[in-house]
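Colleague: How does the following fold in three dimensions:
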Amino acid sequence: MTPDLRRTKILATLGPATDAPGVLDELIRAGVNVVRLNFSHGTPEHHGARVAAVRAAALSAGREVGILADLQGPKIRIEKFAMGKVVLKAGDAFTLVCRADAPPGDATQVGVSYLGLVGDVHADDILLLDDGLIALQVTAVDGELVRTRVMTDGALSDRKGLNRLGGGLSLGALTEQDEEHIKIAARLGVDFLAVSFCRSAADMDRARALAQAAGSDAALVAKIERAEAIENLVEITIASDVVMVARGDLGVEIGDAELPGLQKKIIRTALEHNRVVITATQMLQSMVDNPIPTRAEVLDVANAVIDGTDAVMLSAETASGNYPVKAVEAMVRICLGAERQFDRDTDFEKAPRGLQRADQAIAMAGMFLAEHTKVRAMLALTESGGTARFLSRFRSSVPIFALSRHESARRKMAMMRDVFPVAFDSRGLPTREAARGAIRQLFGMGLLAETDRVLITSGDHMETHGSTNTLRLLQVGAGGSAEGMGEL
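Modeller: Predicted coordinates:
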């Protein structure tokens, strides 16, 4: 009997809590598939040390673990207060000073990092500070000053974030610092590069050009966290490799009530366009301080899994929380529980028509057969991982074992739902012998058993990207041999 495989992938943010001796190894053994480096914090040296630690821990555990570098982007923040913190009262006047030489803040005013704010806001606009905990209503724009009235009581401290309700701030997605961080990420050999606050496909195209110029082949992740990104969702999705439902700033800009529906829309759009999708932000937030999640958090994660997300992400829970390993273990339990309830009756009526690529056509044919022929698994002999990604876009009842000789491809596939990357070198082997060798290897790993039937996708030219053009049905024989049942 082959083992029960978790199909939804887990992305965990690294930070001080994961730097403690042994914690990273425990996280990977617990089930982390991809780790996140938050480039909003830390130095290149810190990031480099964490990359080296992840690669060593993954090698020791015999696991494929991807690394995602998350660019800071143009996060708008207030500047510092003279006393570090102030208390604001509803009805008070409060001024945002859009000047480079703004004085230290107090209970009446504070500087802002984005000096162009004066050109983007108007009277009656609502500005939200500290993830929406403090609301300000703009009363006037006076030269370099944005005058507001406080709408909610609360304490406000240094460098808290600032958003405009409904979006509309015009600053671009990539800062000069981001451009330098892209070069650092390229040198570190990260597998994914996340672009924060993207507004359009042009933002993603620019990020891709900068990454390629720096020598990086990282998959691009579009973080959907601006109201404008929702308006341009399809074009951003097409221009990206992965889409992230970044619920923190997105929830602030569009309002909490709109967030659940938009999360489902983003996941659905990503799947329809053959892109990988991550659901992120505060999924198990209570586990920063507590060893078990709330029931509401369990339902939140489970609903994302049932909606078809490829991966769920932990942020502060693992980066700075008191229970990083328990948070991952909880996420594993929730994902497995939700997957047992997952409706995997694939609706091929919704499948794309007029396919131009052979590998996409083979993938769709393979998943159709998997649903109508009793097979244990799909096997994808792949160079780049493209066929595995196409296969994983269908809600199937069978796992997808993706065999590739390229470490980079295997680490990217670690983010894909239903896909289990395996190191396998098919160079020099005829396609039939490569297929039989793949079955022998998976049998030896305990992933296949005698009499299992499998579907295998491969290409006539095994070392060529995008060459998948063959689908075979084979049965596992005695000792892991392969018995032919037909070439399709």
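
Colleague: just the strands in the stretch 251-400 of the chain please.
Modeller: 276-280, 311-314, 377-381, 400-404 (DSSP state E, counting those that start in this stretch).

Colleague: Contacts made by the first one with the rest, please.
Modeller: Under the contact criterion Cβ atoms under 8 Å, 6 or more residues apart in numbering, strand 276-280 has outside partners 11, 219, 221, 241-247, 263, 266-267, 270-271, 304, 308-313, 315, 389, 415-417. Yep, even glycine has a C-beta here, placed from its N, CA and C like the rest.

Colleague: Residue 418 against residue 390, yeah?
Modeller: No. In this structure residue 418 lies outside contact range of residue 390 using Cβ atoms under 8 Å: 11.6 Å.

Colleague: got any residues that touch both of those two?
Modeller: What both residue 418 and residue 390 touch, as defined by Cβ under 8 Å, 6+ apart, is an empty set.

Colleague: Just want to check the distance between residue 451 and residue 443.
Modeller: From residue 451 across to residue 443, the span is 11 Å (Cβ to Cβ, to the nearest Å).

Colleague: Compare neighbour counts for these two and give me the winner.
Modeller: Neighbours were counted for residue 451 and for residue 443 using other Cβ atoms under 10 Å; residue 443 has more, 20 against 11.

Colleague: And for the residue nearest to that one when sequence neighbours are not counted, the neighbour number?
Modeller: Of all residues not flanking residue 443 in the chain, residue 480 sits nearest, at 3.1 Å (Cβ to Cβ, 6 or more residues apart in numbering). Look at residue 480: counted by other Cβ under 10 Å, it has 18 neighbours.

Colleague: show me what contacts residue 480?
Modeller: Contacts of residue 480 (Cβ under 8 Å, 6+ apart): 439, 440, 443, 444, 448, 450.

Colleague: any idea how far the fourth one lies from residue 322?
Modeller: So that's residue 444. Applying Cβ to Cβ to residue 444 and residue 322 gives a distance of 40 Å.

Colleague: beta partners for the residue nearest to the spatial centre of the chain?
Modeller: By Cα atoms, centre = their mean, the chain has its centre lying nearest to residue 278, at 3.7 Å. Residue 278 has these beta-bridge partners by DSSP bridges: residue 244, residue 311.

Colleague: Same check on residue 476?
Modeller: In beta-bridge terms (that is, DSSP bridges), residue 476 pairs with residue 482.

Colleague: First residue to last residue on stretch 120-138, what's the distance there?
Modeller: Stretch 120-138 has an end-to-end distance of 11 Å (Cα to Cα, to the nearest Å).

Colleague: Mind splitting this protein into its structural domains?
Modeller: 9-73+172-339, 85-164, 348-487 (automatic domain parsing).

Colleague: Out of these, flag the one nearest residue 79.
Modeller: domain 85-164 (3.6 Å; Cβ to Cβ).

Colleague: Quick check: chain neighbours aside, which residue is closest to residue 155?
Modeller: Here the residue nearest residue 155, using Cβ to Cβ, 6+ apart, is residue 87, at 5.2 Å.

Colleague: Does residue 161 touch residue 133 like I think?
Modeller: No. Residue 161 is beyond contact range of residue 133, at 10.2 Å (criterion: Cβ under 8 Å).

Colleague: neighbour count winner among these two?
Modeller: Taking neighbours as other Cβ under 10 Å, residue 161 and residue 133 compare with residue 161 leading, 17 against 14.

Colleague: The more buried one: what's it in contact with?
Modeller: 75, 76, 77, 129, 130, 131, 249, 252.

Colleague: What is the burial count for the residue lying closest to the fifth one once chain neighbours are set aside?
Modeller: So the one you mean is residue 130. Nearest residue to residue 130, sequence neighbours excluded (Cβ to Cβ, 6+ apart): residue 160, at 4.1 Å. Residue 160 sits with 15 neighbouring residues when counted by other Cβ under 10 Å.

Colleague: ok now do residue 160, which residues does it touch?
Modeller: Contacts for residue 160 (Cβ under 8 Å, 6+ apart) come out as 77, 78, 129, 130, 134.

Colleague: same thing but 6 Å
Modeller: 78, 129, 130 (Cβ atoms under 6 Å, 6 or more residues apart in numbering).

Colleague: Same check on residue 38?
Modeller: By Cβ under 6 Å, 6+ apart, the contact set of residue 38 is 13, 70.

Colleague: Let's see that with 10 Å instead.
Modeller: By Cβ atoms under 10 Å, 6 or more residues apart in numbering, the residues touching residue 38 are 13, 14, 15, 47, 68, 69, 70, 71, 72, 194, 315, 319.

Colleague: The helix or strand where the fourth one lies packs against which elements?
Modeller: The secondary structure element spanning residue 47 is helix 44-61 (assigned by DSSP states H and E). If you count contacts as 3 or more Cβ pairs under 10 Å, 6 or more residues apart in numbering; DSSP states H and E, helix 44-61 packs onto helix 16-19, helix 23-30, strand 34-38, strand 66-70, helix 176-188, helix 407-413.

Colleague: What residues sit buried inside it?
Modeller: By neighbour count with 16 or more other Cβ atoms under 10 Å, helix 44-61 contains the buried residues 47, 50, 51, 53, 54, 57, 58.

Colleague: returning to that earlier point: and for residue 161 and residue 133, which residues touch both?
Modeller: By Cβ under 10 Å, 6+ apart, residue 161 and residue 133 have these common neighbours: residue 252.

Colleague: Tell me the first helix or strand C-terminal of the helix or strand hosting residue 229.
Modeller: Applying DSSP H and E as the criterion places residue 229 in helix 227-231. As assigned by DSSP H and E, the chain's next helix or strand after helix 227-231 is helix 233-238.

Colleague: Give me the average confidence score over that following helix.
Modeller: Across helix 233-238, pLDDT averages out at 98.

Colleague: Contacts for it, please.
Modeller: 195, 198-204, 222-224, 226, 228-230, 243, 262, 265-266, 269-275, 277.

Colleague: mind redoing it with 7 Å?
Modeller: Contact partners of helix 233-238, identified using Cβ atoms under 7 Å, 6 or more residues apart in numbering, comprise 198, 200-201, 204, 222, 224, 229, 243, 266, 269-270, 273, 275.

Colleague: repeat for stretch 48-66
Modeller: Stretch 48-66 has contacts (Cβ under 7 Å, 6+ apart) with 14, 24-25, 28-29, 32-35, 37, 67, 188, 191-192, 410-412, 414-415, 421.
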